[in-house]
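Engineer: 3D, please:
(chains A, B, C, D, E and F)
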4 protein chains.
Amino acid sequence: MDGTKQQRRRGDTRQRIQDVALGLFAEQGYEKTSLREIAERLDVTKAALYYHFKTKEEILVGIFEDLSRPMEDLIAWAREQPHTLETKQEIIRRYSEALAGAAPLFRFMQENQATVRDLRIGEMFKTRMLGLRDSLIDPEADLVDQVRCVSALFTLHAGMFVLSDLEGDPEEQRAAVLEVATDLVTQAHRGSAGRAAPAP
Amino acid sequence: MDGTKQQRRRGDTRQRIQDVALGLFAEQGYEKTSLREIAERLDVTKAALYYHFKTKEEILVGIFEDLSRPMEDLIAWAREQPHTLETKQEIIRRYSEALAGAAPLFRFMQENQATVRDLRIGEMFKTRMLGLRDSLIDPEADLVDQVRCVSALFTLHAGMFVLSDLEGDPEEQRAAVLEVATDLVTQAHRGSAGRAAPAP
Amino acid sequence: MDGTKQQRRRGDTRQRIQDVALGLFAEQGYEKTSLREIAERLDVTKAALYYHFKTKEEILVGIFEDLSRPMEDLIAWAREQPHTLETKQEIIRRYSEALAGAAPLFRFMQENQATVRDLRIGEMFKTRMLGLRDSLIDPEADLVDQVRCVSALFTLHAGMFVLSDLEGDPEEQRAAVLEVATDLVTQAHRGSAGRAAPAP
Amino acid sequence: MDGTKQQRRRGDTRQRIQDVALGLFAEQGYEKTSLREIAERLDVTKAALYYHFKTKEEILVGIFEDLSRPMEDLIAWAREQPHTLETKQEIIRRYSEALAGAAPLFRFMQENQATVRDLRIGEMFKTRMLGLRDSLIDPEADLVDQVRCVSALFTLHAGMFVLSDLEGDPEEQRAAVLEVATDLVTQAHRGSAGRAAPAP
DNA sequence: AATGAATGAGACTTCATTCAT
DNA sequence: AATGAATGAAGTCTCATTCAT
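Structural biologist: Modelled structure (predicted):
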């Protein structure tokens, strides 16, 4: 008797704002998405957005905090593992999963770098990425092998979006990207290890 | 008697607009750079910009057309070469050079993807990138090897900017990035070749 | 078990609203003080303000009614006294006291005249001031002496705030201001009296 | 021909903005006057205001700079005169004239003190007032006499506006206000002088 | 080759106020 | 006695663009 939209939705407006906003941010970019547009799509007024978030930027911060938790957890986990090849491969695998789980957010981050740089989440994200990088890189490794690790990360990122407009089974594609990235960290690991103690 | 800035600059305003605009676009992003800002930096009025360019977007098109010629040339050249390993390695090498030669433009393209997508240069750039990709990829190659080629390109792109805030000799870094990218296409080539006719 | 702030404050919210509001109104001005700010400082919601007051303006009316009673009493008292010099001097003395007793309110009235004019308290205050003025001025007195009386009142008002950022003992300052104001009404009285019946 | 409003007014828009703005600021207060209102009254768009002034505040600064010049000149002049009674009386006389010449501005300053305090012109005005005060006050004078000088200035200010809603010839009123103010500085001067060397 | 003046659209944000609970 | 959620109106400001000169 009261399952109307209005009624059912009471209480979840904050979440709905974030959902709609992320959709639009990812699709059109941050600056080209206006609060008017978000509000209209939710059928509320702009002022309602300001009841839930202090600024446009805070909407994005909210989204980021919610969706980047898996990434944070991964980094925390990585910090406590030994720097073995298996660990590194597992990091890549898990990161690939984290990316897939929050694809719109990461797509947004990738396609709006110039914008993100000036926003609060810019620093946050950069810190996380550096954390990830350091969990893959051996500081005394060859520069080339260090680049391989960074390249592995970027391959995962880019793979997600560039490949998305290719024909072919997405799952297969993800697997292929993952393999290339894994390969890169493996080579990087062997390289450093090899120099210390050559592989058999 | 007339070697003043004003005098000497007569006639090169169009070029100066592009220079300043690219600097600001790369530094702040396209949307966050206003024509007012560009004009102020050149010490002319906004209206003057409209004498030289029909719209804001056309300024960017002009920049892109001027600076992406080496990339275009590379693609044209690549189209006429046999798809040998050496060719592919040469493509990577030359593309690395092209990127370095127009760093601000490519940095801009990378950091403003969401914006660029809706602009005329979005299509142009995508077409060029696909051309490049196709000059590296063997269509019947393994998906993993195809990803390796794309990864090689992205490694070059990303390498340029991510590494830029690392300490260390930039030349050395560029060399390292180039090596990783070359490695990737080499592996990709060996992979496909290997399946058809195993390497000696 | 219940001497907490929350508990102890039950029932005095209305007064606390007025206190905080007056503080902010006096400090920042009426328009620049938002209900949000008042509510936040009290750690209640804006809606709570509306439980106690119908509008923002009514908060101010409440403050004014409470704090301007001494002024009203003074005027009522003055109305029943003979228009002697002693009475006038006493009015000035008492008004000086009234001002000091409700300094933030009067400071607010002085610094927000443009705003107050459009509010209900504008009329109220004007009426009171005219009442005061008429208790000091002899209608048939010289225009100059009439001005002296008005000047005495303004001297008291302004003295309060302009002198406040001077160095020196505030009590001494108040006394000096009071002396000048008293002097002015005395001169005014002598003037009119003198013309009607010269002083001995 | 071309004596239309549009044509005739080209070039004086900046001045017209200031005129209209001052009128509205004085009548309604600064915050209650919106740029929309100013623009509508001038039959231009809000954006046109921003072509001539960077912010709402700058409109006010422009007005203040233009209209407070006589006051500034007076202070400069005063600084070079000997601190005689005649000088002080002349200062009062000239200041009275300056006030009358820019009545709307001074009315605005008086009725919007809370607002003005936070604006750029707040500091400017305060500085000027202190300059004026110091040209009237002998630093070693009695506190009461110092108050008399300040009172003289406030009498002039207040006189202008409070008396304005009295019946009676405005010229006569101004003369009366001027007499009271002059009287105050004269007494102040005699007081200090008297203590040093008693009047005959 | 460039300026001065202006526009129309729209951005983000804030405010006082309301009302069901 | 007070909250949570929301609204409608309005505010200041910025932008790309135009056009007569």
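Engineer: use CA for all of it now, contacts and neighbours both
Structural biologist: OK.
Engineer: if you skip the residues just before and after it, what's nearest to residue A:131?
Structural biologist: residue A:75 (6.5 Å; CA to CA, 6 or more residues apart in numbering or on different chains).
Engineer: quick one, domains of chain A?
Structural biologist: Domain ranges of chain A: A:1-54, A:62-195, per the TED database.
Engineer: deepest-packed of those, please.
Structural biologist: domain A:62-195 (a mean of 18; mean count of other CA atoms under 10 Å in any protein chain shown).
Engineer: tell me if it is near DNA strand F.
Structural biologist: No. Judged by CA under 7 Å from any atom of the strand, domain A:62-195 stays clear of DNA strand F, getting no closer than 13.8 Å.
Engineer: helix, strand, or coil at residue A:54?
Structural biologist: The three-state label given to residue A:54 by DSSP: H, G, I helix; E, B strand; the rest coil is coil.
Engineer: against chain D, how distant is it?
Structural biologist: For residue A:54, the distance to chain D (CA to the nearest CA, to the nearest Å) stands at 23 Å.
Engineer: got phi/psi on that residue?
Structural biologist: Per-residue torsions, residue A:54: phi -70, psi -40 (degrees, to the nearest 10).
Engineer: what's the first-to-last distance across stretch A:112-128?
Structural biologist: Using CA to CA, to the nearest Å, the end-to-end distance of stretch A:112-128 comes out at 17 Å.
Engineer: after the least confident helix or strand in chain A by mean pLDDT, which helix or strand is next?
Structural biologist: Using mean pLDDT, DSSP states H and E, helix A:5-9 stands out as the lowest-scoring helix or strand of chain A, at a mean of 45. Using DSSP states H and E, the helix or strand that follows helix A:5-9 towards the C-terminus is helix A:13-28.
Engineer: is that next one up against DNA strand E anywhere?
Structural biologist: No. Helix A:13-28 lies out of reach of DNA strand E by CA under 7 Å from any atom of the strand, never closer than 10.5 Å.
Engineer: got the contact list for that helix?
Structural biologist: Identification of contacts with helix A:13-28 by CA atoms under 8 Å, 6 or more residues apart in numbering or on different chains yields A:30, A:32-33, A:38, A:41-42, A:49, A:52, A:59-60, A:62-63, A:104-105, A:107-108, B:114-115.
Engineer: switch the cut-off to 6 Å
Structural biologist: Here helix A:13-28 makes contact (CA atoms under 6 Å, 6 or more residues apart in numbering or on different chains) with A:63, A:104, A:108.
Engineer: and that helix, C-alpha only, in PDB?
Structural biologist: The C-alpha trace of helix A:13-28 is given here as PDB (Å, rounded to 0.1, in the frame of the first residue of the first chain):
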ATOM      1  CA  THR A  13      19.000   8.900  -1.400                       C
ATOM      2  CA  ARG A  14      22.700   9.400  -0.600                       C
ATOM      3  CA  GLN A  15      23.500   6.100  -2.200                       C
ATOM      4  CA  ARG A  16      21.400   6.800  -5.200                       C
ATOM      5  CA  ILE A  17      23.100  10.100  -5.700                       C
ATOM      6  CA  GLN A  18      26.500   8.400  -5.700                       C
ATOM      7  CA  ASP A  19      25.300   5.800  -8.100                       C
ATOM      8  CA  VAL A  20      23.800   8.200 -10.600                       C
ATOM      9  CA  ALA A  21      26.800  10.600 -10.200                       C
ATOM     10  CA  LEU A  22      29.300   7.900 -10.900                       C
ATOM     11  CA  GLY A  23      27.400   6.800 -13.900                       C
ATOM     12  CA  LEU A  24      27.400  10.300 -15.400                       C
ATOM     13  CA  PHE A  25      31.000  11.100 -14.300                       C
ATOM     14  CA  ALA A  26      32.300   8.000 -16.000                       C
ATOM     15  CA  GLU A  27      30.200   8.600 -19.100                       C
ATOM     16  CA  GLN A  28      30.700  12.300 -19.600                       C
END
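Engineer: quick one: is that helix near DNA strand F?
Structural biologist: Yes. Helix A:13-28 lies within reach of DNA strand F by CA under 7 Å from any atom of the strand, at A:13-14.
Engineer: how far out from the middle of the chain is that helix?
Structural biologist: Here helix A:13-28 shows a centroid-to-chain-centroid distance of 16 Å under the convention CA atoms, centre = their mean, to the nearest Å.
Engineer: mean confidence for that helix?
Structural biologist: Mean per-residue pLDDT for helix A:13-28: 98.
Engineer: helix or strand right after it?
Structural biologist: Beyond helix A:13-28 in the direction of the C-terminus, DSSP H and E gives the next helix or strand as helix A:35-42.
Engineer: all helices of chain A, in order?
Structural biologist: Remark: helices assigned in chain A by DSSP state H are A:5-9, A:13-28, A:35-42, A:46-52, A:56-67, A:69-79, A:85-101, A:103-111, A:113-117, A:120-136, A:143-162, A:170-196.
Engineer: just give me the lowest mean pLDDT stretch among those.
Structural biologist: With a mean of 45, helix A:5-9 has the lowest mean pLDDT of the helices of chain A.
Engineer: out of the contacts of helix A:13-28, who's nearest DNA strand F?
Structural biologist: For those, the minimum distance to DNA strand F (CA to the nearest atom of the strand) is 16.9 Å, reached by residue A:63.
Engineer: what sits against the closest one?
Structural biologist: Taking CA under 6 Å, 6+ apart, we find residue A:63 in contact with residue A:18.
Engineer: repeat for residue A:105
Structural biologist: By CA under 6 Å, 6+ apart, residue A:105 has no neighbours at all.
Engineer: can you tell me how far it is from residue A:74?
Structural biologist: Residue A:105 sits 17 Å away from residue A:74, taking CA to CA as the criterion.
Engineer: hang on, the earlier thing: ok, and of the contacts of helix A:13-28, which contact DNA strand E?
Structural biologist: When CA under 7 Å from any atom of the strand is applied, no member of the contacts of helix A:13-28 is adjacent to DNA strand E.
Engineer: let's have those in JSON lines, adding distance to residue C:24.
Structural biologist: Putting the contacts of helix A:13-28 into JSON lines (distance: CA to CA, whole Å) gives the following:
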{"residue": "A:63", "distance to residue C:24": "35"}
{"residue": "A:104", "distance to residue C:24": "45"}
{"residue": "A:108", "distance to residue C:24": "43"}
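Engineer: ok, residues contacting stretch A:155-175?
Structural biologist: Applying CA under 6 Å, 6+ apart, the contact partners of stretch A:155-175 are residue B:151.
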